[in-house]
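Engineer: let me see the structure of the following:
(one chain, ligands or ions: 2)
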Amino acid sequence: MAKDLYEILGISKDASEQDIKKAYRKMAQQYHPDKHKGDKEAEKKFKEANEAYEVLSDKQKRAQYDQFGSVGGAGNPFGNGAGGFGGSYDFSGFDFQQGGAGGFADIFETFFGGAARGGGGAGRSSKKGPRPGNDLEFAMELTFEEAAFGTQKELSIAKPATCDNCHGSGAEPGSKTVHCETCSGTGEIRQVRQTLFGQMATAKVCDVCAGEGRRPEKICSVCNGSTVIRKTERVKVKIPAGVDNESTIRLSGKGEAGVYGGPNGDLYVHVRVAGSKKFTRKGYDVYSDAHIHLLQAVLGDDIDVETLHKKVTLKIPAGTQSGKIFKLKELGIEKLRGTGVGDHYVKVIVDIPTKLSRKEKDMYIQLAKESKIPTKGKDGFLSKLF
Ligand SMILES: [Zn+2]
Ligand SMILES: [Zn+2]
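Structural biologist: Residues are numbered from 1 along each chain as shown. Ligands and ions are numbered 1, 2, ... in the order given. Here you go, the predicted model:
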């Protein structure tokens with residue numbers, strides 16, 4: 001539950017404008033961060049007082065708070081988001097210069113100090129702070145063999161890369177570093193604007209020095225101080241043996257260059273493996289077909305089989321059926337990270353002769369008689385041949 005705003009300032013609900021101002025000034029001085037360096041409790045009290053004052057010093061907001069118990073967003077009496085001030089704060093009607101406990105600048109430090117440097121944070125987006133480079137994606141086609149055995153490829157990629165002239169500093173080589181006049185060396189730009197609701201104060205990271213407070217005397221003549229230039233870089237990609245279709249290889253730091261000292265992005269290479277006329281692949285195993293003659297299947301034989309690695313002799317036993325699969329151990333694809341080798345499977349397909357010489361045909365007929373192949377009696381096709 002949010003604390004009661006009147007309670008925070010220690011005043012009654014019918015306090016006058018003057019009472020509110022007085023109570024706030026007292027608290028702001030009492031809990032001012034200058035007097036309580038590193039004291040979280042004081043810091044919290046100081047913030048609460050500011051938040052309470054923001055609502056109660058504004059007639060409209062105060063009326064709304066009295067009626068609904070909140071201003072703006074649900075459950076948040078301050079109506080400015082859970083994070084606090086969103087980078088701006090209304091100091092209307094208050095002169096901190098006379099506060100005694102410190103000036104306007106100190107209040108700024110409380111709200112914007114520390115985190116303002118280097119960018120980030122609500123309402124303080126820094127255009128010039130360090131930013132990581134984008135990741136890049138690239139598609140690469142490999143042959144069946146390249147994927148199986150691994151290879152080395154080179155890609156030409158046009159991308160933002162770290163400037164060669166300034167090596168990413170943004171300064172012309174040999175240039176001195178000088179005090180940043182734009183932000184007076186504080187690293188941030190403070191602005192106080194007059195608005196309908198009074199004065200609005202904002203702070204943002206200095207564009208000129210990126211919040212450093214110091215800047216190069218001469219900015220880099222090649223990248224104009226942006227630290228990156230667009231150029232075509234050749235990137236070597238090592239394809240490990242065993243890589244499969246639709247795998248992705250990540251090259252850390254080979255994406256777009258980071259800006260102002262931010263880290264580089266990564267390069268992702270998506271691999272597509274082309275098919276092979278001789279082989280198919282399932283995981284790390286390779287499959288191929290071997291056609292043999294009917295008589296080789298019947299009588300048995302030795303045949304030559306091509307694998308990824310070498311030609312091997314495969315023994316076909318007599319009486320081998322068409323479709324039988326033989327395993328050739330560890331003649332498949334090397335597994336990634338050297339965890340073994342897949343196998344090669346040969347599927348034997350028995351070819352039935354389609355063209356016979358007169359003599360061959362006679363011999364097949366002889367064979368059919370000898371084999372007593374069951375036929376459909378005297379009317380069967382085969383029996384008519386005899
Ligand atoms: Zn500056
Ligand atoms: Zn440069």
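
Engineer: ok, how many other residues are close to the residue nearest to G283 when sequence neighbours are not counted?
Structural biologist: Of all residues not flanking G283 in the chain, G342 sits nearest, at 6.5 Å (CB to CB, 6 or more residues apart in numbering). For every residue, glycine as well, the C-beta is placed using N, CA and C. A total of 21 residues lie near G342 under the criterion other CB atoms under 10 Å.

Engineer: what are the buried residues along the host helix or strand of Q67?
Structural biologist: In this assignment (DSSP states H and E), Q67 forms part of helix 59-68. Using 16 or more other CB atoms under 10 Å as the test for burial, helix 59-68 gives 61-62, 64-65.

Engineer: which of the residues you listed lies closest to T151?
Structural biologist: K61 (69.1 Å; CB to CB).

Engineer: from memory that closest one sits against V55, does it?
Structural biologist: Yes - contact criterion CB atoms under 8 Å: K61 and V55 qualify, at 4.6 Å.

Engineer: domains of the chain?
Structural biologist: 5-112, 136-273, 280-351, 356-386 (automatic domain parsing).

Engineer: mind listing the strands for the stretch 151-300 of the chain?
Structural biologist: Applying DSSP state E, counting those that start in this stretch to the stretch 151-300 of the chain gives strands spanning 151-162, 177-179, 188-195, 198-205, 214-216, 228-239, 248-251, 267-273, 280-282, 285-293.

Engineer: distance between the second one and the chain's centre?
Structural biologist: Going by CA atoms, centre = their mean, to the nearest Å, the spacing between the C-alpha centre of strand 177-179 and its chain's C-alpha centre is 36 Å.

Engineer: same check on the fifth one?
Structural biologist: Relative to the chain's own centre, strand 214-216 is displaced by 32 Å; criterion: CA atoms, centre = their mean.

Engineer: next: stretch 155-175.
Structural biologist: Distance, centroid of stretch 155-175 to centroid of chain: 23 Å (CA atoms, centre = their mean).

Engineer: in the stretch 251-386 of the chain, what residue is nearest ligand 1?
Structural biologist: Y260 (13.4 Å; CB to the ion).

Engineer: ok so, going back, the residue nearest to G283 against L328, yeah?
Structural biologist: No - the criterion here is CB under 8 Å, and G342 misses it with L328 at 10.5 Å.

Engineer: and the nearest residue to T232 once chain neighbours are set aside, what is it in contact with?
Structural biologist: Leaving out its chain neighbours, the residue that sits closest to T232 by CB to CB, 6+ apart is A158, at 4.7 Å. If a contact means CB atoms under 8 Å, 6 or more residues apart in numbering, then A158 has 230-233 as its contacts.
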